[in-house]
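S.K.: just coords:
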């Protein structure tokens, strides 16, 4: 070929092919693909709004869904949730719409609604056009009525456990968007837990991966109950407040253990870590609710006083009922439920906390000196007699 002749174009690259799955091969994926970039947060309270801000910072195309069109229009216009998260500017990329818009295009759906509304939201998810591969993540630290069921259990029954996760840990909304948090992403599916942890890491938040979603959820429920109990008891003495929190954690752990949960969920970030953050926060809703209960304010009036829903007021009665039905002795959690219901005076509550003695440890009996020698001789003698009978 002479230099004057044009060089022919290179042949087109062969088309990309995807290997067909083998018959009876790996399970069908029900999770978002690695390149999925859409997230929907249902619930525009303080934590839901903070969560949406973080997801947008992480690069996901994020939508924050509100209860009403009026609320969506106000947030979209003001670019700030002045009612629940004042002073935090909503990212320009954050889309805001009412929940009626559905979740058809979402790869991740985060449920950031108070626990009392979880059942209705879960029922509406399928009707809202939830994608067959979308992951559903609960961030509520409460239980689902009427049986006091952990949210991931309910979600797993509806959508399959491998596409369900929860998020726990110490994460005060205001601090989370300004200084970070310490979250736990829990799922029975390792890939989903890892993907969520990577999303939060990109947003500048530490996130632990866990395969114990029920343990993480019950740790959060115990934390809320313990924070409310400490708030209700603190004026009667710090020892009583500490005893109330400790009793509740122990009672909930005995229940969680029966469901297969692991102790590290209760003593780690999702349990003890979250409890410290909540108990120390003067603006904590659950702690403040306990203080108002101790001041004689009826539980029904407390959310209006605080200006937001209080998870513990809803979840403690459910938790107490679940422990009772499971046969777990829980005198302090049960009494806290009666205090919330107005059936137990504060002084009686404090007296019960101070007088309650947890079940004793299951002691292991140590063998007496010579135990193994005597056991061996007994076994050898039986073996000798058996051989003699066989010889005859």
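M.R.: Sure, I can see it. These figures come from a predicted structure and were not determined experimentally.

S.K.: okay, CA-based contacts and neighbour counts for the rest of this
M.R.: Noted.

S.K.: low-scoring stretches of the protein, by residue?
M.R.: The chain contains residues with pLDDT under 70 at 1-36, 365-368, 371-372, 375, 378-392.

S.K.: And the strands in it, which stretches?
M.R.: Ranges of strands in the chain, per DSSP state E, are 38-42, 61-66, 80-81, 85-89, 95-98, 108-111, 135-138, 164-168, 182-186, 206-210.

S.K.: Nearest to residue 346, out of those strands?
M.R.: Closest to residue 346 of these, according to CA to CA: strand 164-168, at 30.4 Å.

S.K.: helices and strands around the closest one, which ones?
M.R.: Secondary-structure packing of strand 164-168 (3 or more CA pairs under 8 Å, 6 or more residues apart in numbering; DSSP states H and E): strand 135-138, helix 151-159, strand 182-186, helix 213-233.

S.K.: For residue 71, give me its contacts.
M.R.: By CA atoms under 8 Å, 6 or more residues apart in numbering, residue 71 lies in contact with residue 98.

S.K.: now it: how far from residue 177?
M.R.: Going from residue 71 to residue 177 by CA to CA, to the nearest Å gives 21 Å.

S.K.: Also residue 168?
M.R.: The value you get for residue 168 to residue 177, if CA to CA is used, is 16 Å.

S.K.: So if I had to pick from those two, which one is more boxed in?
M.R.: residue 168 (27 against 23; other CA atoms under 10 Å).

S.K.: ok, what's across the strand from the more buried one?
M.R.: On the basis of DSSP bridges, residue 168 is bridged to residue 184.

S.K.: before we move on, the earlier item: what's the most buried one of the helices and strands packed on strand 164-168?
M.R.: For the helices and strands packed on strand 164-168, the largest average neighbour count (mean count of other CA atoms under 10 Å) is found in helix 213-233, namely a mean of 30.

S.K.: That one packs against which elements?
M.R.: Applying 3+ CA pairs under 8 Å, 6+ apart, one finds that helix 213-233 contacts helix 151-159, strand 164-168, strand 182-186, helix 238-258, helix 263-267, helix 274-280, helix 285-294, helix 311-325.

S.K.: Any chance you could list what contacts the second one?
M.R.: If you take CA under 8 Å, 6+ apart as the criterion, strand 164-168 is touched by 135-139, 141, 152, 155-156, 183-188, 192-193, 213, 216-217, 220, 269-270.

S.K.: And stretch 264-281, by the same measure?
M.R.: Contact partners of stretch 264-281, identified using CA under 8 Å, 6+ apart, comprise 168-172, 182-184, 212, 215-220, 222-224, 226-227, 230-231, 249, 253, 284, 286-287.

S.K.: Check the offset of that stretch from the chain's centre.
M.R.: 12 Å (CA atoms, centre = their mean, to the nearest Å).

S.K.: buried set for it?
M.R.: The neighbour-count check on stretch 264-281 (16 or more other CA atoms under 10 Å) flags 264-267, 269-275, 277-279 as buried.

S.K.: I'd like the helices and strands packed on helix 213-233 as CSV, with distance to residue 358 appended.
M.R.: Conversion of the helices and strands packed on helix 213-233 to CSV gives the following (distance: least, CA to CA, whole Å):
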stretch, distance to residue 358
helix 151-159, 28
strand 164-168, 27
strand 182-186, 29
helix 238-258, 7
helix 263-267, 17
helix 274-280, 20
helix 285-294, 23
helix 311-325, 15
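
S.K.: For residue 361, find the nearest of those.
M.R.: With CA to CA, the closest approach to residue 361 among the helices and strands packed on helix 213-233 belongs to helix 238-258: 12.4 Å.

S.K.: now the angle between helix 311-325 and the closest one, please.
M.R.: 60 degrees (axes from the mean of the first three to the mean of the last three CA atoms, to 10 degrees).

S.K.: Can you give the distance of helix 238-258 from its chain's centre?
M.R.: 18 Å.

S.K.: cool, stretch 289-296 as well?
M.R.: From the chain centre to the centre of stretch 289-296 is a distance of 26 Å (CA atoms, centre = their mean).
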